[in-house]
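K.L.:
Okay, sequence plus prediction incoming.
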Protein chains: 2
Amino acid sequence: MKDVRIVVDVMGGDEEPQVVLDGISAALAADPALTVLAAGPQDIVVPFCDSTDRAEALIAPDVITMEDDPIQAVMTKRKSSIVIGCRAVKKGNADGFFSAGSTGAVTAAGTAYVTPFRYVTAEGERRPIRPCITSTLPNRSGGLTVFCDMGANPDVDPDDMVRFAQMGAAYASCVLGIKNPRIGLMSNGTEDTKGSHFTKECFPLMRQQVKGFAGNCEGSDMVSGNVDVVVTDGFAGNVALKATEGAAKFIMSELKGALMGSLKGKIAAVLLKDELKAIKAKLSGDAKGGAILLGLRGVVLIGHGATSVEAVKNGTLAAAEAVRADLVQNVADSMEGIL
Amino acid sequence: MKDVRIVVDVMGGDEEPQVVLDGISAALAADPALTVLAAGPQDIVVPFCDSTDRAEALIAPDVITMEDDPIQAVMTKRKSSIVIGCRAVKKGNADGFFSAGSTGAVTAAGTAYVTPFRYVTAEGERRPIRPCITSTLPNRSGGLTVFCDMGANPDVDPDDMVRFAQMGAAYASCVLGIKNPRIGLMSNGTEDTKGSHFTKECFPLMRQQVKGFAGNCEGSDMVSGNVDVVVTDGFAGNVALKATEGAAKFIMSELKGALMGSLKGKIAAVLLKDELKAIKAKLSGDAKGGAILLGLRGVVLIGHGATSVEAVKNGTLAAAEAVRADLVQNVADSMEGIL
């Protein structure tokens, strides 16, 4: 296995830094060709790296919180783990970056330091791509559905949406091996006439420029399998993703209540133990660990703010895997003629 | 029980008109003080009404489809079931209207014919309220969360959002009996700094004008119980609602697969039969039947396009119940000083 160096943001996520450190240890144990650069304040990362093989300290005294204005924070907190992590990727000191910190700040720092690919506009101008958070959800056809943007850009223009669709399609073909992915534009109905002013502006551009464009789709198509890629802006995308997670949590808690409420329920719970665990794992962000910031010239993975040891482990391993699979270059290659 | 007359749109929903007719029969059987005006083409509604007690035919030769442009359709198809249904409510020939047809068309016809309340702007001007689709979802605290707008208005301005919040709050206190409802603005994170340009414009207005405003909330808060009312525009609202429904369907189908995949699963399925049915019913739109178009001077209920006999029955009964509870006037009364 190829040696890979991944920076991990020790200050990322809503949990104590110790959760991230434990996640790093777990990732290192699982991947013997992995080196982790732990980015965070000296008193946290140095003792950890001193006592851990293949862990190097990247001192980052500043901390960007979830409350900070992302762009402002990236500009002023130049010694934060998020900025230092992205700069390490840019300088070639690391192959990839994983953070469960502020999505907005990671996007801003990734854009500023790892830098986006450029595409050619209709007018022949070269413009930087706006990166979008991309990942997959399991669907009812037994496959995976690519979903972007999951929350990097609350406000975009129709041209950005076309790029998201093209990147999502490239991801579906490179990562999932889907030959002719069907691309859906998230809307408030599947009919061509449905949509907001904004999606109605996107629709004709998608039809012209996106290969495999299948028209409008709905929130339920994130997991239906009717399309291979669901494209939306980062606001609706984040709302839809959290709604999906919320619904999953609700049902699992109702189910738990039903199982624990009676003797026969308790017996069923014992019988179903492994199956319920498997369903829970399938839906949990922990299993995947992170979503990639597609459009950047390097691997930047963003984890869920509500993180865990398992999530950090899997996010770090997913970043290493993306590096080994040459994901960034492969996606760029399959966008030939666009970039 | 008070006698109530409800118009039901026989051409509403994605199913055959027969599904709606069967739903009407079921509603009539369940409520002996109910009369239904079945609105639809003569050859469908007349034979049905001839053979059904307490069913009157409202001839509506035009049909508005899901593909039609809503406003255009309401203006040109004046003899559609949706327009004729709303006009019957306006003229006092019926007490309420239920349709599982085009959400946009029902909203447009309701606005044109049933007419909205007016509110007083900051400048002292009286402006019509934009109606919003409002309903409830079960939450993890064991209660119900009010959700609006579920899809009537894909594009709104911040002032509309303030009105949605105030109507949602009035609904929570009148219908659910919540004394001081907590109102959340749906966003891409709970922090005050999160949001799109649009929600960031709404935020300060909400803080000034909405009693009980609890700041930003997320997609997961539709079912978390952290707030009593979730307010959003009709685009994000529809996407979030369908995402929730999609996730629920996905999990129930995974669970079914797990149960049917092994002998012990099949035993568990037998043990859990009633509990699983109860969870499914709790999440199904069928159980509730419809969502109210709040802001209008009459009862207009909108059902899910993917309808069923059970959904039409419950939607019709819910419309009758809203009339008997004087829901419209009670919500208006509790908005004293705003309307």
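P.N.:
Good, I have the coordinates.
K.L.:
CA atoms for contacts and neighbours, from now on please.
P.N.:
OK.
K.L.:
and the residue nearest the centre of chain A, what does it touch?
P.N.:
Closest residue to the average C-alpha location of chain A: A:Ala291 at 1.5 Å, with Cα atoms, centre = their mean. By Cα atoms under 8 Å, 6 or more residues apart in numbering or on different chains, the contact set of A:Ala291 is A:133-135, A:301-303.
K.L.:
Near chain B, list only the ones from those.
P.N.:
By Cα under 8 Å from any Cα of the partner chain, no member of the contacts of A:Ala291 lies near chain B.
K.L.:
can you give me phi and psi for the residue nearest to the centre of chain A?
P.N.:
phi -120, psi 140 (degrees, to the nearest 10).
K.L.:
so how far is B:Ala281 from it?
P.N.:
34 Å (Cα to Cα, to the nearest Å).
K.L.:
hmm, back to that, mind picking the one among the contacts of A:Ala291 that's closest to chain B?
P.N.:
A:Ile133 (13.4 Å; Cα to the nearest Cα).
K.L.:
Show the contacting residues for that closest one.
P.N.:
A:148-152, A:291-294, A:302.
K.L.:
Mind doing that once more with 6 Å?
P.N.:
A:Ile133 sits next to A:148-150, A:152, A:292-293 when contact means Cα atoms under 6 Å, 6 or more residues apart in numbering or on different chains.
K.L.:
Tell me if stretch A:88-108 is near chain B.
P.N.:
No - applying Cα under 6 Å from any Cα of the partner chain, one finds stretch A:88-108 separated from chain B by no less than 9.2 Å.
K.L.:
outside of that stretch, which residues touch it?
P.N.:
A:5-9, A:12-13, A:66, A:70-71, A:114, A:299-305.
K.L.:
can you list the domains in chain A?
P.N.:
Domain assignment for chain A by automatic domain parsing gives A:4-117+A:295-333, A:135-245.
K.L.:
quick one: terminal-to-terminal distance for the first one?
P.N.:
Distance between the boundary residues of domain A:4-117+A:295-333 (Cα to Cα) amounts to 22 Å.
K.L.:
what does the last one give?
P.N.:
Domain A:135-245 has an end-to-end distance of 14 Å (criterion: Cα to Cα).
K.L.:
quick one: average pLDDT of that domain?
P.N.:
Regarding domain A:135-245, the rounded mean pLDDT is 95.
K.L.:
now the helices for chain A?
P.N.:
Remark: helices assigned in chain A by DSSP state H are A:17-30, A:42-50, A:70-76, A:81-90, A:103-109, A:158-175, A:197-209, A:234-260, A:263-283, A:309-324, A:327-333.
K.L.:
Tell me what A:Val230 is bridged to.
P.N.:
A:Phe147, A:Gly184 (DSSP bridges).
K.L.:
Quick check: it touching A:Gly184?
P.N.:
Yes - using Cα atoms under 6 Å, A:Val230 is in contact with A:Gly184, at 4.9 Å.
K.L.:
Of the two, which one has the most company?
P.N.:
A:Val230 (30 against 27; other Cα atoms under 10 Å in any protein chain shown).
K.L.:
mind checking how far that one is from chain B?
P.N.:
12 Å (Cα to the nearest Cα, to the nearest Å).
K.L.:
Distance-wise, check that residue relative to B:Cys49.
P.N.:
45 Å.
K.L.:
follow-up on the earlier one: let's see which of the contacts of A:Ile133 end up in strands.
P.N.:
Using DSSP state E, the subset of those located in strands is A:148, A:292-293.
K.L.:
can those go into a markdown table with extra columns for neighbour count and distance to chain B?
P.N.:
Output for those, formatted as a markdown table (neighbours: other Cα atoms under 10 Å in any protein chain shown; distance: Cα to the nearest Cα, whole Å):
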| residue | neighbour count | distance to chain B |
| --- | --- | --- |
| A:Cys148 | 29 | 14 |
| A:Ile292 | 27 | 18 |
| A:Leu293 | 29 | 17 |
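K.L.:
check contacts around the residue of chain A positioned farthest from its centre.
P.N.:
What lies farthest from the middle of chain A is A:Leu263; by Cα atoms, centre = their mean that is 41.4 Å. A:Leu263 makes contact with no residue under the criterion Cα under 6 Å, 6+ apart.
K.L.:
do the same with A:Gly234
P.N.:
A:149-154.
K.L.:
Restrict the residues you listed to those that also contact chain B, please.
P.N.:
A:Pro154.
K.L.:
related to what we said a few turns ago, inside strands: which ones of the contacts of A:Ala291?
P.N.:
A:133-135, A:301-302.
K.L.:
Make a PyMOL selection of the buried ones in those residues.
P.N.:
To isolate in PyMOL the members of these that are buried, counting by 16 or more other Cα atoms under 10 Å in any protein chain shown, one can use:
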select buried, chain A and resi 133+134+135+301+302
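K.L.:
CSV for the ones in strands among the contacts of A:Ala291, including distance to A:Phe98?
P.N.:
Shown next, in CSV, are the ones in strands among the contacts of A:Ala291 (distance: Cα to Cα, whole Å):
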residue, distance to A:Phe98
A:Ile133, 13
A:Thr134, 14
A:Ser135, 14
A:Leu301, 5
A:Ile302, 6
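K.L.:
just the ones in strands among the contacts of A:Ala291 now: which is nearest B:Met1?
P.N.:
A:Ser135 (54.2 Å; Cα to Cα).
K.L.:
So which residues on the stretch 151-300 of chain A come close to chain B?
P.N.:
A:154-155, A:188, A:191, A:196, A:219-220, A:235-236, A:238-240, A:242-244, A:246-247, A:250, A:258, A:264, A:268, A:271, A:275.
K.L.:
about what we covered before: what would the domains of chain A look like in TSV with distance to B:Asp22?
P.N.:
Below are those laid out as TSV (distance: least, Cα to Cα, whole Å):
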stretch	distance to B:Asp22
domain A:4-117+A:295-333	47
domain A:135-245	26
